[in-house]
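Visitor: output the structure for:
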Amino acid sequence: MTQNHCKLSVNINKIATLRNSRGGNVPDLLKVAADIQKFGAQGITIHPRPDERHIRYQDARDLKSIVYTEYNIEGNPEKKFIDLVLEVKPTQVTLVPDSIDALTSNAGWDTVKYQDFLKEVIQEFHRNNIRTSIFVDPVLSMIEGAKATGTDRIELYTEAFAHEYGLGNENGILPYTASAILADELDLGINAGHDLSLDNIQFFNQNIPNLMEVSIGHALISESLYLGLENVVNMYLQKLK
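Guide: Here you go, the predicted structure:
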């Protein structure tokens, strides 16, 4: 694989959280998604949860006609979620092993233990021409396990890196670099996400060979409160060059 220009996919869950807190349609999720693309982002990510506390299942349907870049839907592949993805047919589905009550995603898949389950789910998405990615920790055995599921890509769960980098420990990147090298050898595409921000994205991108896509939500939306959404999207695009 050659070094690709890494795409920025913006997770708009927090926009939905803000909207839902008042019960109306401000901010307008669809307009924000359209604007983010207009500002140059190459994708939109959503992560509907069973309780629909931020992104609602109807949002996933409504966004289909708005997202003309990469449309990435993340979630735990329970029946309701699988049915939604098969109905909407996004560009990519990212499988995340969330427990129902998780505040945010906090672990990657055990791709050895759940290999048969993941294989079955992925085959169903492939039959519908939907690219698959699975959320994994930067552990070599989990990358190998991911390959065995038949997935197209992995998404490296980057919270541990972000935490270490914030403490000034650049060696926190090493397991991620090793995982990316192995994934590339296994012909798996590499995505990444969770706690990536303007502070750490450039260093991460420079140290992960063949990184194809990062999905960033919480930090990007928070940074936009100070700097403005258009500005922040372009700051990420600059750092990903």
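Visitor: assign Arg22 to helix, strand or coil.
Guide: In three-state terms, and counting by DSSP: H, G, I helix; E, B strand; the rest coil, Arg22 is coil.
Visitor: OK, contacts around it?
Guide: With contacts defined as C-beta atoms under 8 Å, 6 or more residues apart in numbering, Arg22 is in contact with no residue. C-beta coordinates here come from the backbone N, C-alpha and C atoms, glycine included.
Visitor: distance check, it against Ala16.
Guide: In this view, Arg22 and Ala16 are 12 Å apart by C-beta to C-beta, to the nearest Å.
Visitor: what's near enough to touch Thr69?
Guide: Listed by C-beta under 8 Å, 6+ apart, the contact set of Thr69 reads 9, 37, 41-44.
Visitor: please pick the buried ones from the residues you listed.
Guide: Of the members of those, the ones counted as buried by neighbours, 16 or more other C-beta atoms under 10 Å, are 9, 37, 41-44.
Visitor: and the furthest pair within those?
Guide: Among these, the pair separated by the greatest distance (C-beta to C-beta) is Ser9 and Gln37, at 10.4 Å.
Visitor: next, show the common contact partners of the two.
Guide: Residues within reach of Ser9 and of Gln37 at once, by C-beta under 8 Å, 6+ apart, are 44, 69.
Visitor: so which of the contacts of Thr69 comes closest to Asn200?
Guide: Using C-beta to C-beta, the shortest approach to Asn200 within the contacts of Thr69 belongs to Ser9, at 16.9 Å.
Visitor: packing partners for the helix or strand hosting Leu174?
Guide: Secondary structure from DSSP states H and E places Leu174 in helix 174-185. In terms of contacts (3 or more C-beta pairs under 8 Å, 6 or more residues apart in numbering; DSSP states H and E), helix 174-185 is packed against helix 140-149, strand 153-157, strand 189-193, helix 201-207.
Visitor: C-alpha coordinates for it, CSV please?
Guide: Provided in CSV are the C-alpha atoms of helix 174-185 (Å, rounded to 0.1, in the frame of the first residue of the first chain):
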residue,chain,number,x,y,z
LEU,A,174,5.0,2.9,19.6
PRO,A,175,2.3,0.2,19.9
TYR,A,176,0.3,2.1,17.3
THR,A,177,3.1,2.4,14.9
ALA,A,178,3.8,-1.4,15.3
SER,A,179,0.1,-2.2,14.8
ALA,A,180,-0.1,0.0,11.7
ILE,A,181,2.9,-1.7,10.2
LEU,A,182,1.4,-5.2,10.8
ALA,A,183,-2.0,-4.1,9.6
ASP,A,184,-0.4,-2.8,6.4
GLU,A,185,1.5,-6.1,5.9
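Visitor: strands of the protein, start to end?
Guide: 7-11, 43-46, 70-75, 92-95, 131-136, 153-157, 189-193, 211-216 (DSSP state E).
Visitor: in CSV, list the ones you listed along with mean pLDDT and distance to Arg56.
Guide: Converted to CSV, those look like this (pLDDT from 0 to 100; distance: least, C-beta to C-beta, whole Å):
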stretch, mean pLDDT, distance to Arg56
strand 7-11, 98, 15
strand 43-46, 98, 10
strand 70-75, 98, 13
strand 92-95, 98, 18
strand 131-136, 97, 22
strand 153-157, 98, 23
strand 189-193, 98, 21
strand 211-216, 98, 19
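Visitor: now those in JSON lines, with distance to Phe81?
Guide: Output for the strands of the chain, formatted as JSON lines (distance: least, C-beta to C-beta, whole Å):
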{"stretch": "strand 7-11", "distance to Phe81": "16"}
{"stretch": "strand 43-46", "distance to Phe81": "12"}
{"stretch": "strand 70-75", "distance to Phe81": "5"}
{"stretch": "strand 92-95", "distance to Phe81": "9"}
{"stretch": "strand 131-136", "distance to Phe81": "13"}
{"stretch": "strand 153-157", "distance to Phe81": "16"}
{"stretch": "strand 189-193", "distance to Phe81": "18"}
{"stretch": "strand 211-216", "distance to Phe81": "17"}
